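**Student:** Need a 3D model of the following:
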Amino acid sequence: NYKNAINSRLPHDIYIISLEKVSNDFNARFNVIKKEYHYLINTGEYDPLKYNYMYFPKYRNLDINKMIECSKVFIGTHVFRTFTKNHDLENTIRTIYSIDFDIKDDLVTIKFIGSGFLHNMVRIIVGMLFEAGWGNYTKNDLKYILEQKNRVFAPKIAPPNGLYLIKVYYE
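**Tutor:** Alright, predicted model coming up:
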């Protein structure tokens with residue numbers, strides 16, 4: 001009954017799948033062990049009805065295989081200061097456990113699983129992967145950019161349409 005009651009009061013783009021009783025000392029923010037984000041890219045014909053829900057690259061010569069190869073730079077524990085909008089944050093160390101690409105026809109889903117993500121981190125990484133896919137950066141360029149710890153070196157950011165928080169994992 002709680003699930004139905006909560007869902008009846010939420011906006012239509014948010015939906016509770018399940019509920020669990022937790023201890024009184026549980027904290028939804030600080031008890032997170034990992035998060036999963038998906039970024040949806042449609043490489044096919046532009047569809048204005050899907051525009052708000054996925055990204056349609058303006059240029060059709062996007063090399064997905066190069067994006068896959070370059071994404072490996074970000075896997076592991078790194079200082080992601082270059083890949084956040086928040087310049088004042090002291091701790092920018094995060095771990096990305098996996099970046100997987102799921103390709104079905106014209107739909108490419110990039111799946112990120114990590115210990116946590118900084119403000120705009122996924123969108124900045126995807127934006128830089130787009131640049132690599134268009135031939136503007138190599139894998140070594142992205143390694144160098146990551147090591148600089150300065151947002152100036154990663155100026156690209158993917159649009160918000162296409163980004164979804166899929167799951168939050170707790171202890």
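
**Student:** So what's the predicted local confidence for Asn140?
**Tutor:** Asn140 carries a pLDDT value of 97.

**Student:** looking at this, it is in a strand?
**Tutor:** No. Asn140 sits outside any strand when classified using DSSP: H, G, I helix; E, B strand; the rest coil, being helix.

**Student:** now for the lengthiest helix in the chain, which elements pack on it?
**Tutor:** Scanning the chain for the longest helix, with DSSP state H as the assignment, gives helix 121-133. Counting contacts by 3 or more CB pairs under 8 Å, 6 or more residues apart in numbering; DSSP states H and E, helix 121-133 packs against strand 32-42, helix 64-71, strand 107-114, helix 139-148, strand 163-170. Where you see a C-beta, it was placed from the backbone N, CA and C, and this is true even at glycine.

**Student:** Tell me which of these sits nearest to Thr77.
**Tutor:** strand 107-114 (9.7 Å; CB to CB).

**Student:** That closest one: partners in the sheet, and parallel or antiparallel?
**Tutor:** strand 32-42 (antiparallel), strand 93-104 (antiparallel) (DSSP bridges).

**Student:** what about Pro48, neighbour count?
**Tutor:** Neighbourhood size, Pro48 [other CB atoms under 10 Å]: 7.

**Student:** Spit out the contact partners of it.
**Tutor:** Listed by CB atoms under 8 Å, 6 or more residues apart in numbering, Pro48 has no contact partners.

**Student:** about what we covered before: to Ile157, which of the helices and strands packed on helix 121-133 lies closest?
**Tutor:** Nearest to Ile157, of the helices and strands packed on helix 121-133 and by CB to CB, is strand 163-170 at 10.7 Å.

**Student:** What are the contacting residues of that closest one?
**Tutor:** For strand 163-170, the external contacting residues (CB under 8 Å, 6+ apart) are 28, 31-40, 111, 122-123, 126.

**Student:** Skipping its backbone neighbours, what lies nearest the most centrally placed residue in the chain in space?
**Tutor:** Note on the chain: the residue nearest the mean C-alpha position is Val122, at 3.3 Å, using CA atoms, centre = their mean. Nearest residue to Val122, sequence neighbours excluded (CB to CB, 6 or more residues apart in numbering): Tyr37, at 4.9 Å.
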